[in-house]
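Q: Only the shape, not the letters, is given here:
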């Protein structure tokens, strides 16, 4: 019965001009059945992920972990199509082609993009980097000196990381200040000083005043920068990762970032940057974009350039490090920078604030 069922899904293996000997025919049918079942298993697994993506849900482990690698679902789908073709399964071929169309459909960048109104009134270079519990601080300092950003968002900055930043750029000013520092100087800081991966800091050449931080397991400081006389709301993002036992914390902290984005309003210049531990293929991240913020990498033509894990990028990975901006910003020249001793690539992006 099993051979008959597999043979039915695998199609007819009889060759024209007469059937082969019985033993050879059974062997071919058995081989076709194995290929058909393997194709079915691959297609079923991809179908679960495609169903969750279409239903706008991150579901349960392992769905959110695998959704981060959405474009690479093409690999098991194409393998399944090959197996279905070898098994002569019309059902498998049709199933696989439908999945390919679904994957391609959702590979398109999420959300609509419109050009900001008014002429540019300020140019901003922003850099964000997860330095993996401070290990990549030295490499980050080298990149900052080379790239000369105006704003730097640093995640997982431990005590030694803070010391190295002070040695490289001088201590933070104790007063707010009124004038921007020269390029390459960062006297203005807003930080959450905490041990290990929980510390984080925003470095700025523009004067900062403190703003309420978004609450989370790891530090997510906020500030307001004065850029050409205009207030720009800054918020560092570093929610918990979607670990198998920590999906509730991941969803809750991404939800807190979404609430922040909704409070700032589309008319307030806002930059929300950092390690989101989420990609555009996660429903929890798309809800942040639904508030009106836009992904700067997408605006600059790098919508799916992977940032993690750095050892396999750009061949394989997910874009989980982002610079999100309000509609008053345009973006260009996004670059992902490889730093030593961290599993994240840094993101450097040039922004223009429009009047």
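A: That came through fine. The shown structure was predicted, so the numbers you read here are calculated from the model rather than taken from an experiment. Residues are numbered from 1 along each chain as shown.
Q: which residues of the stretch 51-200 of the chain fall in helices?
A: Applying DSSP state H, counting those that start in this stretch to the stretch 51-200 of the chain gives helices spanning 63-67, 74-86, 90-106, 137-147, 159-169.
Q: Using a markdown table, please lay out those helices together with mean pLDDT, distance to residue 251 and mean neighbour count.
A: In this view, the C-beta of every residue, glycine as well, is placed from N, C-alpha and C. As requested, the helices of the stretch 51-200 of the chain are arranged in a markdown table below (pLDDT from 0 to 100; distance: least, CB to CB, whole Å; neighbours: other CB atoms under 10 Å):
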| stretch | mean pLDDT | distance to residue 251 | mean neighbour count |
| --- | --- | --- | --- |
| helix 63-67 | 97 | 9 | 20 |
| helix 74-86 | 96 | 26 | 19 |
| helix 90-106 | 97 | 20 | 17 |
| helix 137-147 | 98 | 29 | 18 |
| helix 159-169 | 97 | 28 | 16 |
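Q: Next, the contact list for residue 272, please.
A: 235, 237, 257, 260-261, 288, 293, 322-325 (CB atoms under 8 Å, 6 or more residues apart in numbering).
Q: And the helices of the stretch 51-200 of the chain: which comes nearest residue 116?
A: Taking CB to CB, helix 137-147 is the member of the helices of the stretch 51-200 of the chain nearest to residue 116, at 23.8 Å.
Q: Please pull out the lowest mean pLDDT helix or strand from the protein.
A: The weakest-scoring helix or strand in the chain, judged by mean pLDDT, DSSP states H and E, is helix 2-10 (a mean of 43).
Q: from the chain's centre, how far out does stretch 341-354 sit?
A: Relative to the centre of its chain, stretch 341-354 is centred 12 Å away, using CA atoms, centre = their mean, to the nearest Å.
Q: mind listing what's buried in that stretch?
A: Under the neighbour-count criterion of 16 or more other CB atoms under 10 Å, stretch 341-354 has 342-354 buried.
Q: Repeat that for stretch 217-227.
A: For stretch 217-227, the neighbour count (16+ other CB under 10 Å) marks 218-227 as buried.
Q: what's the span of it, first residue to last?
A: One end of stretch 217-227 sits 30 Å from the other (CA to CA, to the nearest Å).
Q: separation between the spatially most central residue of the chain and residue 299?
A: The chain has residue 320 as the residue nearest its centroid, 2.3 Å off, counting by CA atoms, centre = their mean. Distance, residue 320 to residue 299, by CB to CB, to the nearest Å: 18 Å.
Q: Return the distance of residue 80 relative to residue 91.
A: Distance of residue 80 to residue 91, computed by CB to CB: 12 Å.
Q: tell me the domain boundaries of this structure?
A: According to automatic domain parsing, the chain comprises the domains 2-106, 120-354.
Q: starting at the chain centroid, how far to the shortest one?
A: Put plainly, it is domain 2-106. Relative to its parent chain, domain 2-106 has a centroid offset of 29 Å by CA atoms, centre = their mean.
Q: Pull the contacting residues for the residue nearest to the centre of the chain.
A: Here residue 320 is in contact with 68, 275-279, 307-308, 344 (CB under 8 Å, 6+ apart).
Q: possible to save the residues you listed as TSV with distance to residue 140?
A: Below are those laid out as TSV (distance: CB to CB, whole Å):
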residue	distance to residue 140
68	24
275	13
276	18
277	19
278	22
279	23
307	14
308	16
344	11
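Q: Out of those residues, name the ones that lie in strands.
A: residue 275 (DSSP state E).
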